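>>> Pasted the sequence and its predicted model underneath.
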Amino acid sequence: MRTVTTLSERKPEAVIIGGTTLYCESFKASAVHSITEESTADGGTVLTNSASRSTRLVFSGRVSAEDLPQNAVYRFNALVNSASAFNVEYMDLRFSDCRMLSYSFDDKGGDWADVTVVLLTAEPVTRRNEL
């Protein structure tokens, strides 16, 4: 008896970053809560200085060559050199007051250019319908 495993294929999700549509094939979010531990005189431990750190977002995917690849580089470069914050929606999530930390753009002359964008936000993640 043979068993067939069906693999599902997920289509890249379109996300607009700085006016450029990136077809996201990989997404990573990471956040940290920082807590400082201090020793007490009797050898115990006390927690001090509890704080949330910013959330780092990494979007990797492709941009279409139909949207003139140089436009994406121009827009991303403006964002990485700007202190202006912007919002990003991905799937059903909304990331507010984002700032661009870095981007990489690899155009190999095909129909698509590979792009990775790293954003940072200190705001909590919300759902689109919670606005």
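Happy to help now that I have it. Numbers count the residues shown, from 1 in each chain.

>>> in its sheet, what does the helix or strand where residue 48 lies sit against?
Element membership for residue 48, per DSSP states H and E: strand 45-52. Using DSSP bridges, the strands paired with strand 45-52 are strand 33-39 (antiparallel).

>>> Distance of the residue nearest to residue 111 when sequence neighbours are not counted relative to residue 77?
Nearest non-adjacent residue to residue 111, counting by CB to CB, 6 or more residues apart in numbering: residue 65, 5.3 Å away. Quick note: C-beta positions are derived from backbone N, CA and C, even for glycine. Counting by CB to CB, to the nearest Å, the gap from residue 65 to residue 77 is 18 Å.

>>> Please apply the same query to residue 19.
Distance from residue 19 to residue 77, by CB to CB: 13 Å.

>>> rewinding a little: could you dump the strand holding residue 48 to CSV, C-alpha only?
C-alpha atoms of strand 45-52 as CSV (Å, rounded to 0.1, in the frame of the first residue of the first chain):
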residue,chain,number,x,y,z
THR,A,45,18.7,37.9,43.1
VAL,A,46,16.4,40.8,42.3
LEU,A,47,15.1,41.7,38.8
THR,A,48,15.5,45.4,37.8
ASN,A,49,15.2,47.5,34.6
SER,A,50,12.6,45.5,32.7
ALA,A,51,12.1,46.8,29.2
SER,A,52,10.8,45.6,25.8
